[in-house]
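Q: Build me a model from this:
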Amino acid sequence: MEKFQPVKGTRDFLPEEKILRQKIVEVLTRTFEEFGFSPMETPAIETWEVATAKSNLDETTDVYKEIYRFKDQGDRDLVLRYELTFPLARVMANNPHLPKPFKRYQIGKVWRDGPVKTGRYREFWQCDVDTVGSPSLLADAEILALCSKVFERLGLEVVIKVNSIKFLNALLSYAGILEENRRKILISLDKLEKIGSEGVVKDAMEKGVDEEEIRKVLELVKEIDPEKPEAYNPEIKEAIEEIKELLRYAINMGAKNLYFTPSLTRGLTYYTGPIFEVFLKSGKLSSSLAGGGRWDNMISNFLGSKDKVPATGVSFGLDTIYDAMVLEGKFEKRKTVVDVFVIPINTLEESMLILRELRDAGIKADMDLMERSISKNLSYANSLGIPYCIIVGRKELEQNAVKLRDMKTGEEKLINLEDIKKEIREIL
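A: So this is what the prediction gives:
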């Protein structure tokens, strides 16, 4: 059966998994809209230029190396989108007169040809929220509060690690790092928690960074004290004070479990201000569940303008959140969405009317389509975890009633036809 397996890094989702994923999306969508964000959609295919040069994506980054690139029949250089931020920047450049702030969310598939492990796939879903047009830290704080609310509703204990590109640039300047090595160091530093200090040193040296430079940065990152910003230069002090202000705003908006993390850099090079990532507190999953930050330059790159168009946002990884929910045992798995299964006993016409009545009332219902015996129908319903069955027999219909069976307890009771909807709503 090997030839029928999905492509490496992609997955099939049977109803049992897909139902859980949809519940996660429902929580995300509800929270996004409560925070004032509206839905938007963009194509899965973009041009190579839009995806790289216009997006300020550096060829030294892992993301650049993982892009799915191809040519169409018109010999156009195209890619599968690797994220949802740069398509938003393209849309904003094409629609500069949209009212600001422009607050949108988008949920869709993205693709990266990277290493595969639990929490990392080559085809995966991102759920993005962005605010375009506001330079204020209030916009960043609102994103952090939204993150906190999402994971609270999902029942996941998380930590939200926060840093700032402004702080990192000030730190590198303080350390006397050469300009041409700064981006390389940030890319390596981002891997600190995954590969450790010596791994970071090795990674940076492979990029051409002097060992003394990267070790000096690592030492500073470990010893930095946010409670004593005056111990450093004015630029570091200003950056730390700005991070403190952001955290204060976010906490006032309801955010929890926020931690200033000096080593956090994020893998993408287009960030310009506050950045953050969300991780499972238990540590059962090493991949981040969400991440984002401020990206003030990308839209102006599209426009070819020197004037910045401020933007900030977050991307939730549906696949990693799903893996976290499974690992933490947060959702009871169901093999079907059906709540009520109708079983006719030589009462097909009457059963069809009852099924229609249930569906018209918004109740998720199904019925026997195989003309099976009552025992086989009950076995079928039980195998799918359908909680209730309505048995429609001739004898019960003569009493203007049907039999309702609780599939968990096995208990049965007669209910009047007029009361079916009311009874079902009360027990679901």
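Q: Spatially central residue (nearest the centroid) of the protein, please.
A: Computing the C-alpha centroid of the chain and ranking residues by CA atoms, centre = their mean puts Phe316 first, at 2.1 Å.
Q: Name the surrounding residues that touch the helix or strand where that one lies.
A: Using DSSP states H and E, Phe316 falls within strand 311-317. Strand 311-317 is touched from outside by 28, 83-85, 88-89, 92, 119, 124-134, 139-140, 143, 146-147, 150, 273-274, 276, 287-296, 298-299, with contacts defined as CB atoms under 8 Å, 6 or more residues apart in numbering. For every residue, glycine as well, the C-beta is placed using N, CA and C.
Q: Please name the residues that touch Gln126.
A: 83-84, 106-110, 315-318.
Q: go with 10 Å
A: 81-85, 106-110, 290, 315-319 (CB atoms under 10 Å, 6 or more residues apart in numbering).
Q: my read is it is in a strand, agree?
A: Yes - under DSSP: H, G, I helix; E, B strand; the rest coil, Gln126 falls within a strand.
Q: what separates it from Leu289, distance-wise?
A: Between Gln126 and Leu289 the computed distance is 12 Å (CB to CB, to the nearest Å).
Q: and what of Val217?
A: 27 Å.
Q: Next: Glu213.
A: 32 Å.
Q: of those two, who's got more company?
A: Leu289 (27 against 21; other CB atoms under 10 Å).
Q: Surely the more buried one and Ser148 touch.
A: No - counting by CB atoms under 10 Å, Leu289 does not reach Ser148; the two are 12.0 Å apart.
Q: who touches both of the two?
A: 158, 160, 278.
Q: and the direction of the helix or strand where the last one lies versus that of strand 311-317, what angle?
A: Taking DSSP H and E as the criterion, the element that holds Val278 is strand 274-280. Comparing the axes of strand 274-280 and strand 311-317 via axes from the mean of the first three to the mean of the last three CA atoms, to 10 degrees yields an angle of 20 degrees.
Q: how much space between Pro274 and Gly291?
A: Counting by CB to CB, the gap from Pro274 to Gly291 is 12 Å.
Q: Compare neighbour counts for the two and give me the winner.
A: Between Pro274 and Gly291, counted using other CB under 10 Å, the more crowded position is Pro274 (26 against 22).
Q: Give me the subset of the contacts of strand 311-317 lying in strands.
A: 124-132, 274, 276, 290-294 (DSSP state E).
Q: Tell me how many other residues crowd the residue nearest to Glu423 when sequence neighbours are not counted.
A: Excluding the flanking residues, the one nearest Glu423 by CB to CB, 6 or more residues apart in numbering is Ile415, at 4.9 Å. A count of nearby residues for Ile415, using other CB under 10 Å, gives 16.
Q: so what's the backbone phi/psi at Ile415?
A: Listed backbone geometry of Ile415 is phi -130, psi 140, with angles given as degrees, to the nearest 10.
Q: How is this protein divided into domains?
A: For the chain, whose domains are defined here by automatic domain parsing, the residue ranges read 2-328, 340-427.
Q: Can you tell me which of those domains is most buried?
A: domain 2-328 (a mean of 18; mean count of other CB atoms under 10 Å).
Q: Glu123 and Tyr105: what is the separation?
A: For Glu123 relative to Tyr105 (CB to CB), the value is 20 Å.
Q: Pull the number of nearby residues for Glu332.
A: Neighbour tally, Glu332, other CB under 10 Å: 7.
Q: how much space is there between it and Ser351?
A: Plainly put, Glu332 is 29 Å away from Ser351 if you go by CB to CB.
Q: quick one: which helix or strand includes Ile19?
A: helix 15-34.
Q: Would you tell me what the next helix or strand after that helix is?
A: strand 38-39.
Q: Just send the domains of the chain back as JSON lines, with mean pLDDT too.
A: Shown next, in JSON lines, are the domains of the chain (pLDDT from 0 to 100):
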{"stretch": "domain 2-328", "mean pLDDT": "91"}
{"stretch": "domain 340-427", "mean pLDDT": "96"}
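Q: list the contacts for Tyr152?
A: Let me fix one detail, which is that residue 152 is Glu and not Tyr. Contacts for Glu152 were tallied using CB under 10 Å, 6+ apart; they are 27, 31, 158, 254-257.
Q: if I've got this straight, it is in a helix?
A: Yes - judged by three-state DSSP, Glu152 forms part of a helix.
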